[in-house]
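Colleague: Sharing a model that was predicted from the sequence below.
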Amino acid sequence: MSENLIVPTMAQMMAEGKQPEILFWVGSAGSFDDRAKKISRAFVKILNKANVNFAVLGTEESCTGDVAKRAGNEFLFQMQALMNIELLNAYEVKKIVTCDPHSFNCLKNEYPSLGGNYEVLHHTQFIQQLLKEGRIDFNKDTYKGSRITFHDPCYLGRANNEYQAPREILSQTNAQIVEMKRSKSSALCCGAGGAQMFKEPEKGNMEINVLRTQDALETTPNIIATGCPYCNTMMTDGIKFAHKENEVKVLDIAEIIANAQIL
């Protein structure tokens with residue numbers, strides 16, 4: 001890794017008697033999936049450039065339990081959640097930012113009833129704040145002349161009604177932003193939500209991700225932007241299925257900003 005990224009852990013912070021501004025919840029995909037790790041790195045690059053005082057849990061971080069809950073194993077979900085809540089509360093965590101809408105939804109909406117009350121932001125909301133406050137800026141000419149379409153992750157959009165943050169960030173890139181025919185509250189799922197990522201597809205005449213990628217390709221984009229590691233995987237597979245990987249890139253919002261020269 002050529003970039004010199006600074007990623008402190010909560011344990012290190014605690015040992016120094018410091019409390020970070022935010023906890024970056026990396027999530028299972030962002031920790032273990034090779035493609036999603038690039039999104040985590042891009043977000044850390046932004047945090048470093050903006051001089052955000054942040055920390056990660058490192059090896060102490062466990063799965064939020066979202067997948068277990070969606071697959072119907074409430075018992076396993078509560079076990080995982082309570083373990084995480086005990087740790088987060090011991091560290092006196094107040095504010096959490098994550099690149100995964102599934103973790104975002106779970107931490108924000110499903111942890112409070114189990115004793116985990118935190119301010120939880122999706123990374124697009126946090127990047128939007130950083131841009132608004134002037135803590136970061138980026139080269140606006142990087143994407144000039146490009147066409148970008150944004151795929152709404154279900155757990156960011158329909159589940160939590162956040163449609164503006166990613167679009168406001170993209171509107172600053174000087175690219176042409178083109179909406180799919182199914183977008184915002186009527187957007188189609190990428191096919192990975194609700195633990196579908198980890199099971200074989202049911203009988204039918206087309207995979208959901210292929211259908212969603214068709215929606216995106218109808219806008220003739222250069223870039224399909226996403227805000228979720230699972231959506232990224234599904235749309236990338238859809239692009240490969242359509243043999244368009246040389247023409248169309250699938251990038252997370254964090255990567256779009258980090259790849260432009262951050263000022």
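Modeller: Yep, it's here. Numbering: from 1, shown residues only.
Colleague: Tell me which residues touch Gly115, please.
Modeller: Residues near Gly115 by CB atoms under 8 Å, 6 or more residues apart in numbering: 82, 85, 89. All C-beta atoms are positioned from the backbone trio N, CA, C, and that covers glycine.
Colleague: measure Lys49 to Glu133 for me?
Modeller: According to CB to CB, to the nearest Å, Lys49 and Glu133 sit 13 Å apart.
Colleague: and what of Ile127?
Modeller: Noted for Ile127: a distance of 11 Å to Glu133, by CB to CB.
Colleague: More neighbours: these two, which one.
Modeller: Ile127 (28 against 9; other CB atoms under 10 Å).
Colleague: So the more buried one lies in a helix, does it not?
Modeller: Yes. Under DSSP: H, G, I helix; E, B strand; the rest coil, Ile127 falls within a helix.
Colleague: how close does it sit to Ile39?
Modeller: For Ile127, the distance to Ile39 - CB to CB - is 12 Å.
Colleague: hey, what's in contact with both of the two?
Modeller: Jointly contacting Ile127 and Ile39 under the rule CB under 8 Å, 6+ apart are Ala254.
Colleague: Just give the closest residue to the residue positioned nearest the centre of the chain, not the sequence neighbours.
Modeller: The residue lying closest to the centre of the chain (CA atoms, centre = their mean) is Cys99, at 2.8 Å. Using CB to CB, 6 or more residues apart in numbering and skipping the chain neighbours, the partner closest in space to Cys99 is His123 (4.5 Å).
Colleague: Looks like that neighbour contacts Ser103 (just checking).
Modeller: No. Using CB atoms under 8 Å, His123 is not in contact with Ser103; the gap is 10.5 Å.
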